[in-house]
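1. need a structure here:
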Amino acid sequence: MTTALWRGSLILVYYQRRRWLDSTASAKSREISMGWAIALHGGAGDIPRSLPPERREPRLATLRRCLDLAVAALQAGRTALDVVELIVRELENCPHFNAGRGSVLTSDGTVEMEASIMDGNTMSCGAVSGLSTVVNAISLARLVMEKTPHIYLAFHGAEAFARDHGVETRDPSHFITDENIERLRQAKQANRVQIDYTQPMKAQPPTDDNSRIGTVGCVAIDSSGNLATATSTGGLVNKMAGRIGDTPIIGSGTYANPLCAVSATGKGESIIRHTVARDVAALMEHRGLPLKEATARVVAGVPRGDVGLVAVSAAGEVSMVYNTSGMFRACATEDGYSEVGIWPEADSDANGGN
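-> I've put the predicted structure just below:
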């Protein structure tokens, strides 16, 4: 190659790089101008359309209340990280969902809660599992992120860390509800491990639909463009003691980076195998796909009936997709859009409206 040709090639590369940087900066400016967005879920699974109003409405009411709380917090200028922790704490305190107070039981009849949280801009993260006394696992996960050199603490070590930092704890019996005792009994009778909302026996569906409860999660982008995600769960009904699912595994059930934030729900083993949350980000990063196309492609690649997720992008886009029969979900954006539902959008009346 001659010197002139070599210099010409360098100049071409330089201007191509400049155009790419200019277009990226322009896109970033458009992204930031779209403002805040929030999405949350209360679990995905085989949610029967026969779910009666007295069982459906308390969950939808909690989602609406949490959505209003999140919108108010974002409008007040709170960070995305603060907001996702706030909302997941609220969901953990609701016995209708499979996290915190409503956590399902292991095969030993015990509770083993897990959670994780991640800051998209810094990619700092924290995770916990095997908790039996901590009231809000998500807040302990944030303490792991901010107060230790580690990412993940579990079982006795996590419980000791909680005590050392004055985190609120309760006797394990606080988390063991009558509904979940019955749920475990039915799952054992069917000799099955159950994901959220799946009926334990086709011949004998649960007598109380309150036993169908779901993992919780929240994703957000604030007005400054910060992304964050948080997920919390009690795991699977009738799981082996010591089993760890996707929720505390960064990149599986929970992931955020400067492009997007994702929280997944469903069958943890499938979510782990398919690295669901990270794959959404990877498709956006390496293939340039928009959020909705990336989430749809990832969910389509997981066995049917195994996964749902909520996600937001740096552009303020929201995606809530699932390959189960339904997913308790809610979202809102700064431009005024909001949605609260369970089943596909075509059934808005059954979903309880917006």
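
2. and the residue lying closest to residue 343 once chain neighbours are set aside, what is it in contact with?
-> Residue nearest to residue 343 in three dimensions, not counting chain neighbours: residue 326, with 4.5 Å by CB to CB, 6 or more residues apart in numbering. Quick note: C-beta positions are derived from backbone N, CA and C, even for glycine. Residues counted as contacts of residue 326 (CB atoms under 8 Å, 6 or more residues apart in numbering) are 44-45, 47, 197, 342-344.

3. out of these, who's nearest residue 173?
-> Nearest to residue 173 out of the contacts of residue 326 is residue 197 (CB to CB; 24.9 Å).

4. that's a strand at residue 319, yeah?
-> Yes: remark: residue 319 belongs to a strand, assigned using DSSP: H, G, I helix; E, B strand; the rest coil.

5. Okay, and the beta partners of it?
-> According to DSSP bridges, the residues that bridge with residue 319 are residue 311.

6. So it sits against residue 298, correct?
-> No: in terms of CB atoms under 8 Å, residue 319 does not count as a neighbour of residue 298; the distance is 10.1 Å.

7. Find the residues that touch each one of the two.
-> Common neighbours of residue 319 and residue 298 (CB under 8 Å, 6+ apart) are residue 309.

8. Neighbour count for these two, which is higher?
-> Set side by side, residue 319 and residue 298 show more neighbours around residue 298, with 26 against 23, by other CB atoms under 10 Å.

9. for that one, what are its contacts?
-> Listed by CB under 8 Å, 6+ apart, the contact partners of residue 298 are 274, 276, 279-280, 283, 309.

10. Can you pull out the low-pLDDT segments for this protein?
-> For the chain, the stretches flagged by pLDDT under 70 are 1-33, 195-213, 346-354.

11. please redo it, this time with the cut-off set to 90
-> 1-34, 45-46, 48, 50-52, 54-55, 177-180, 182-183, 186-187, 189-214, 345-354 (pLDDT under 90).

12. Tell me where it has strands.
-> 37-45, 113-119, 125-131, 152-154, 216-221, 227-233, 254-256, 260-266, 307-313, 318-322, 326-333, 338-341 (DSSP state E).

13. between the longest one and strand 260-266, how big is the angle?
-> With axes from the mean of the first three to the mean of the last three CA atoms, to 10 degrees as the basis, strand 37-45 and strand 260-266 are set at 20 degrees to each other.

14. cool, and the third one?
-> Strand 125-131 and strand 260-266 are oriented at 20 degrees to each other (the same axes, to 10 degrees).

15. Ok, the second one next?
-> With the same axes, to 10 degrees as the basis, strand 113-119 and strand 260-266 are set at 170 degrees to each other.

16. For residue 63, which non-adjacent residue is closest in space?
-> residue 330 (4.3 Å).

17. tally of neighbours for the one you found?
-> 27.

18. what about residue 334, distance to residue 255?
-> Going from residue 334 to residue 255 by CB to CB, to the nearest Å gives 23 Å.

19. try residue 274
-> Residue 274 sits 12 Å away from residue 255, going by CB to CB.

20. Looking at these two, which is more packed in?
-> residue 255 (30 against 20).

21. which of the strands of the chain is buried the deepest?
-> strand 216-221 (a mean of 35; mean count of other CB atoms under 10 Å).

22. ok, back up a step: can I get the strands of the chain in TSV including distance to residue 176?
-> Shown next, in TSV, are those (distance: least, CB to CB, whole Å):
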stretch	distance to residue 176
strand 37-45	19
strand 113-119	12
strand 125-131	14
strand 152-154	20
strand 216-221	18
strand 227-233	16
strand 254-256	26
strand 260-266	22
strand 307-313	26
strand 318-322	29
strand 326-333	23
strand 338-341	30
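
23. Figure out which of the ones you listed is closest to residue 177.
-> Of the strands of the chain, nearest to residue 177 by CB to CB is strand 113-119, at 13.4 Å.

24. For that closest one, enumerate the helices and strands it packs against.
-> The contact analysis (3 or more CB pairs under 8 Å, 6 or more residues apart in numbering; DSSP states H and E) places strand 113-119 against helix 80-92, strand 125-131, helix 137-147, strand 227-233, strand 254-256.

25. tell me the angle of the third one relative to strand 125-131?
-> Here helix 137-147 runs at an angle of 130 degrees relative to strand 125-131 (the same axes, to 10 degrees).

26. got it, and the first one?
-> Using the same axes, to 10 degrees, the interaxial angle of helix 80-92 with respect to strand 125-131 works out to 20 degrees.

27. So what's the gap between helix 80-92 and the chain middle?
-> 11 Å (CA atoms, centre = their mean, to the nearest Å).

28. since we're on residue 60, how many residues are nearby?
-> For residue 60, the count of nearby residues is 20 (other CB under 10 Å).

29. Kindly report the same for residue 156.
-> 9.

30. got a list of what the nearest residue to it once chain neighbours are set aside touches?
-> Once flanking residues are discounted, residue 156 sits nearest to residue 130: 7.9 Å by CB to CB, 6+ apart. Going by CB under 8 Å, 6+ apart, residue 130 touches 112-114, 154-156, 158-159, 242, 244.
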